[in-house]
Every structure is written in C-alpha cells, then in structure tokens.
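Asks: build me a model:
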Amino acid sequence: MGIMETPHMAERAAYSLDPRLAADTHPVLSIGLCTLLLKDDSRWPWLILVPQRANMREVHDLTPLDQAMLSFETTLVSEMLARLTGCHKINTGALGNVVEQLHIHVVARNIGDANWPGPVWGHGASRPYAPDAAQGLISRMRQAF
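Replies: Model (predicted):
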C-alpha cells in the first residue's frame, strides 16, 4: 500500500467483476460503493448491485461503513426501479450459491408476470433484451439517478 493509499483504495484496485456476472449483464453505472448492472433477461426489470471490493462473499465481510452504504444504495436502486417501472413489488436478495462474489439482486415484479408469485431464480429460459431495448432502459435508469 502506498503512502497516500487507504485500505479501501487497495480493495477497489483489486476488485474485479466475476466473469459470470459480466457475461450475463449490461453495465448501467457506478453509484459509489457499487457497480449497477442490468441482468440480460427481459422477462423482468432485474438489477444487480456489486460492491466494488475485492474478495467479498457476504454482507458481513464488508466494513460497517460499507454495509451501511450497501443498504443505502440498495434502497436508492429499489426506489428508482419502482418509480421507473410502476411495479407492484420489489424483490431483493443476495443468494451467492452460483456466483460467490457478493451481489444484491433487485427485481421489479408484477402480478401475472412470469412465475408470479414464485421466485425469478431458475424459472424458465432467459430472454435476452434486444440491444435497443436494453440501452433504452439503461438510459432511463441513468436519467432517473
């Protein structure tokens, strides 16, 4: 660690996005602590927050300040997605059974959507966004922030 480098700067420098998350998402923006991603599945507006810290698997692995920031950013993203979509319910979750890198799912749900009221995980085959549709949604999300 350099003279002016803080421990968190070193963690951010070593941070990299899990290749499985990168392959299955579109980047939206960096909020502060987290990178915000759009899952490439048009059945639901589905966002993923990934703390930009190296080697994090669980929320309790983060510092108390980063835990507070993660909670704050999850709330901001949830509120933005609810406003943008007018959805009936926002689902949030941090599973990590397949991709161990700490990440939080934020999914907009509506009565009657695919697998309502069941979970989105493992339900059917993903339907990737058309490129214009993904970019349009990403653009609206960036403006909403």
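Asks: which parts of this structure are helices?
Replies: 7-14, 19-23, 64-85, 131-144 (DSSP state H).
Asks: return the most buried member of these.
Replies: Highest mean neighbour count among the helices of the chain (mean count of other C-beta atoms under 10 Å): helix 64-85, with a mean of 16. Every C-beta, even on glycine, is put in place using the N, C-alpha and C of the backbone.
Asks: contact partners of that one?
Replies: Defining contact as C-beta atoms under 8 Å, 6 or more residues apart in numbering, one finds that helix 64-85 is touched by 8, 31-34, 36, 45, 47, 49, 51, 53, 59-60, 62, 87, 90, 92, 104, 106, 108, 140-141, 144-145.
Asks: thinking again about what came up before, quick one: closest of the helices of the chain to residue 112.
Replies: When the helices of the chain are compared by C-beta to C-beta, helix 64-85 sits nearest residue 112, at 14.1 Å.
Asks: now that closest one against helix 131-144, angle please.
Replies: Interaxial angle, helix 64-85 versus helix 131-144 (axes from the mean of the first three to the mean of the last three C-alpha atoms, to 10 degrees): 120 degrees.
Asks: convert the C-alpha atoms of helix 64-85 to PDB, please.
Replies: What follows is helix 64-85, C-alpha atoms only, in PDB (Å, rounded to 0.1, in the frame of the first residue of the first chain):
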ATOM      1  CA  PRO A  64     -19.600  -1.400   8.900                       C
ATOM      2  CA  LEU A  65     -19.400   1.700   6.800                       C
ATOM      3  CA  ASP A  66     -19.600  -0.300   3.500                       C
ATOM      4  CA  GLN A  67     -22.500  -2.300   5.000                       C
ATOM      5  CA  ALA A  68     -24.400   1.000   5.600                       C
ATOM      6  CA  MET A  69     -23.500   2.200   2.000                       C
ATOM      7  CA  LEU A  70     -24.700  -1.100   0.500                       C
ATOM      8  CA  SER A  71     -28.000  -0.800   2.400                       C
ATOM      9  CA  PHE A  72     -28.400   2.900   1.300                       C
ATOM     10  CA  GLU A  73     -27.500   2.100  -2.400                       C
ATOM     11  CA  THR A  74     -29.900  -0.900  -2.400                       C
ATOM     12  CA  THR A  75     -32.700   1.400  -1.200                       C
ATOM     13  CA  LEU A  76     -31.900   4.000  -3.800                       C
ATOM     14  CA  VAL A  77     -31.900   1.400  -6.600                       C
ATOM     15  CA  SER A  78     -35.100  -0.100  -5.300                       C
ATOM     16  CA  GLU A  79     -36.900   3.200  -5.200                       C
ATOM     17  CA  MET A  80     -35.600   4.200  -8.700                       C
ATOM     18  CA  LEU A  81     -36.700   0.900 -10.200                       C
ATOM     19  CA  ALA A  82     -40.200   1.100  -8.600                       C
ATOM     20  CA  ARG A  83     -40.700   4.600  -9.900                       C
ATOM     21  CA  LEU A  84     -39.400   3.800 -13.300                       C
ATOM     22  CA  THR A  85     -41.500   0.600 -13.800                       C
END
